[in-house]
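Asker: Any chance you can model this:
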Amino acid sequence: MREEEVHYDIAVIGGGLAGTCAAIAAARLGRRVALVNNRPVLGGNASSEVRVWVCGATAHGVQRWARETGIMGELYTENQYRNPEGNPYYWDQVVLDAVRAEPGIDLYLNTDVREVAASGPEDAREVHSCTGWMMGSERRITFHARQFLDCTGDGLLGHLAGARYRIGREGRDEFDEPWAPDDADEALLGSTILFHTKDMGHPVKFVPPAHAKDLTTTPILRNRVLRTGDNGCDYWWIEWGGELDTVHDNERIRDELQAVIMGIWDHIKNSGEFPDAENLTLEWVGSLPGKREYRRFLGDHVLTQQDILEQRQFEDRIAFGGWSVDLHPVQGMYADEPGARQRYADGIFHIPLRSLYSANVTNLLFAGRNISATHVAFGATRVMATCATLGEAAGTAAALCVAENIGPRELAAEHPELVRRALLRQDASVIGLSDDDPDNLARTARVSASSHLSRLAAEPTTAAPGERYPLTRDLALLLPVDPALDTVDLLVHGAPGERRSELTVELWSTGRPENAVPVDHVLSTTLTVPADGPHWVTARFDHRPDTPQNVVLIVRACPDTALVLVPERTDGVLALRSRVEGDAAVDHDIPEEEGQLVLEWQARGLRRRTFAFRATPDTAAFLPERAVGGFQRAYGGPQMWSSELLPDPDRAAQWLCLDWDEGQQLTEARVVFDDDVDEYLNNLHRHRTLFEVMPELVRDYRIQSREPDGTWHTLLTVAGNRRRHRVHELKGADGGPVRTDALRLVVDATHGARHAHVIAFKAYGA
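Answerer: Prediction:
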């Protein structure tokens, strides 16, 4: 056995998506990081060993403009380009490459941390080191660091360090959560094993092993739906162990789950009820249970059900989620009730930094499913893309703690602006935070552009004539209002013959700037629609809000009439339809509760299409100033610069310019492009998207500085860009800073969109 001791700024224990993103974030801020994982591959439950598809704030397309940015966003879009078919082994390589690209990270795979050295009083302990055994290499490695991150999921590092935590469900009285049980208990969400199948093109028999479960002796056939298919996505409900200890009983849980999978496959292959399964074989069955829940650490804030569903905006928010509060019966697959109960907030929800560090261990942060949250709130934060954003935030905080020589609590209480500015600089997943970084010189510049989108409209053309979309249900448009909405013309097919129709049109606010559903009624009007058509009809609103905002224009159902659906995406606009009986649920195995606005108003099925309309007056929502010092996510409007319509996406020739009254010495430029965060992406086979690269993304661009004689000098040229966030070092001819009084971003081509979009253009000096 070899004994080793290593020293780092930060030790991240656990290499799931939370730990991976934490390590990358800290390394990008200049810290030396050890990333320690007890498995041979990174990704945790998302890896090829377990194969759970990565869910997050988009919630399978339920939430709008909600896909994660930052490091998780990079992983999503890189995987979409490399791996559009969702091969789990290709996904492993995407995650591994992201870690290996950071020279500040040393990766320790197959290294199981089992010992922790910590000291101090119970209320103020400090971790000094942790020790792991590298399996297969006979190396016992002790990791010394200034900050430690527990991203293990199960929370073993924090437990050994003496960090306070909980296991199980809180009683209702403690936090007054409606979904909490009357009394506290130790019930958990169970673990799951998945499987994949393959069509062999010829009949394949299946002889069940002796341990296969006889499903007729269980409630499964009565309460769950079995299907054939090429993967196990529909079998997330193969879950068990919630009444046990999901760590200490892990082997027993694995055996039961595998026995049930063999029983399910025996029933599908040999019961005679599934003739389409004749040519199918089992291609892969997991051997490692994917755990959902175990320890949840206690921080300075315990996230609750009310925090989630009321979308509380914390001053120290560092990430967001959008998944439902998603709780499963403790009996798992053997329960008589449905496999899950879910409740969505009206939009995304926020998570504070105070939920990411230990209340009693001074140099311990955590991220993933073990954060400071109640069992109920954990039901919404536990999905992996959300865990990844928490990892980026925790890694960022740890790096700042090292740089400032302070602890996480002091950072959160006394220097929250450092975290906020670092996350925005990295384009992390935060909403409703504007850039106030004094180091960003773009904030002091005058901003101009070659053009900007000012007319808000979607009209049929010869090439895209649109289609009739019957008003058999309520339909709606979400529109940005900046500064006013006087009129909206709608293109409507009237009733056939000579009969006129009366159309009710309503204006609603979204309640919160991060939401995209109708919440508060503003006004109503009635329009007369002539027969046949289509006809343009005008709704008058004269709506002038105090601040820019999104509104929802609802067109109530009207027999024999129809709107016109144009097959084009319109910047800042969403088409919505009200849910009616018979519409598909988000998940066919989960009954949906009443009164959930994001489910009552669906964008799924209408994305990248718009009901024909024309709005007045011209909008200021896409002015070039929107790319400087503002928000980097949709928030009460699209929050980006958009050029006028381009005749050809391959010849954009649009520019965005920063002008200063005095010369600047510039060393870095950062650009955030639009990669359409409303497009739902998934890493595996759960959902596929048409585009390998989002059409809205800028493909080719240049950054230029202005010379004293007024000419423009090209500092750098990029072709074939596939990333939303680009960081460029700027160098003058002498190798030093670029000295100029103007910096220009020239967009030469997009990946297909006919507008140039820039969300942020930033400049930093020496």
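
Asker: Tell me which residues touch Ala422, please.
Answerer: For Ala422, the contact set (Cβ atoms under 8 Å, 6 or more residues apart in numbering) comprises 29, 396, 399-400. Any C-beta I mention is one placed from the backbone N, CA and C, and that applies to glycine too.

Asker: Go ahead and list the helix or strand containing it.
Answerer: In this structure, Ala422 sits in helix 416-425 according to DSSP states H and E.

Asker: hey, where'd the strands end up in the stretch 601-750 of the chain?
Answerer: If DSSP state E, counting those that start in this stretch is used as the criterion, the strands of the stretch 601-750 of the chain fall at 601-602, 610-611, 613-616, 641-642, 654-673, 698-706, 712-718, 725-729, 738-750.

Asker: Okay, Gly162 and Thr362: tell me how far apart.
Answerer: Distance of Gly162 to Thr362, given as Cβ to Cβ, to the nearest Å: 11 Å.

Asker: who touches both of those two?
Answerer: Overlap between the neighbourhoods of Gly162 and Thr362 consists of Arg125, taking contacts as Cβ under 8 Å, 6+ apart.

Asker: and stretch 84-97, average pLDDT?
Answerer: If you average the pLDDT over stretch 84-97, you get 96.

Asker: swap in stretch 343-358?
Answerer: Here stretch 343-358 scores 98 as its mean pLDDT.

Asker: ditto for stretch 606-619
Answerer: 97.

Asker: tell me which residues of it are tucked away?
Answerer: In terms of neighbour count (16 or more other Cβ atoms under 10 Å), stretch 606-619 has its buried residues at 606-607, 609-616, 619.

Asker: Adding distance to Pro638, write the residues you listed out as CSV.
Answerer: What follows is these, written out as CSV (distance: Cβ to Cβ, whole Å):
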residue, distance to Pro638
Leu606, 17
Arg607, 15
Arg609, 17
Thr610, 14
Phe611, 18
Ala612, 20
Phe613, 16
Arg614, 18
Ala615, 14
Thr616, 18
Thr619, 10
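
Asker: Out of these, give me the two with the largest separation.
Answerer: Taking every pair in the buried residues of stretch 606-619 and measuring Cβ to Cβ, the maximum separation is 25.6 Å, between Arg607 and Thr616.

Asker: Out of the contacts of Ala422, which sit inside helices?
Answerer: In helices, judged by DSSP state H, the following of those are found: 396, 399-400.

Asker: By neighbour count, which of those wins?
Answerer: Thr396 (26 neighbours; other Cβ atoms under 10 Å).

Asker: circling back to that earlier point, from the contacts of Ala422, which single one is nearest Ile10?
Answerer: Taking the contacts of Ala422 together and measuring to Ile10 by Cβ to Cβ, the closest member is Ala399, at 6.8 Å.

Asker: List the contacts of the closest residue to that closest one other than its chain neighbours.
Answerer: Spatial nearest neighbour of Ala399, excluding adjacent residues (Cβ to Cβ, 6 or more residues apart in numbering): Leu29 at 3.9 Å. With contact set as Cβ under 8 Å, 6+ apart, Leu29 has these partners: 396, 399-400, 403, 422.

Asker: Now do the strands in the stretch 451-600 of the chain.
Answerer: Assigned by DSSP E, counting those that start in this stretch, the stretch 451-600 of the chain shows strands spanning 457-458, 467-470, 475-481, 485-493, 501-509, 520-529, 535-543, 549-555, 562-566, 574-578.

Asker: thinking again about what came up before, looking at the buried residues of stretch 606-619, which is nearest Ser448?
Answerer: Among those, Thr619 lies closest to Ser448 (Cβ to Cβ), at 17.9 Å.

Asker: Phi and psi next, for the nearest residue to the closest one once chain neighbours are set aside.
Answerer: With Cβ to Cβ, 6+ apart as the criterion, Thr619 has its nearest non-adjacent residue at 4.8 Å, and that residue is Leu456. According to degrees, to the nearest 10, the main-chain angles of Leu456 amount to phi -100, psi 110.

Asker: what do you get for Phe175?
Answerer: Taking degrees, to the nearest 10 as the convention, Phe175 sits at phi -120, psi 0.

Asker: contacting residues around the closest residue to it other than its chain neighbours?
Answerer: Counting by Cβ to Cβ, 6+ apart, the nearest residue to Phe175 once its immediate chain neighbours are dropped is Thr304, at 4.8 Å. Each residue near Thr304 by Cβ under 8 Å, 6+ apart is listed here: 175, 177, 373-374, 376-377.
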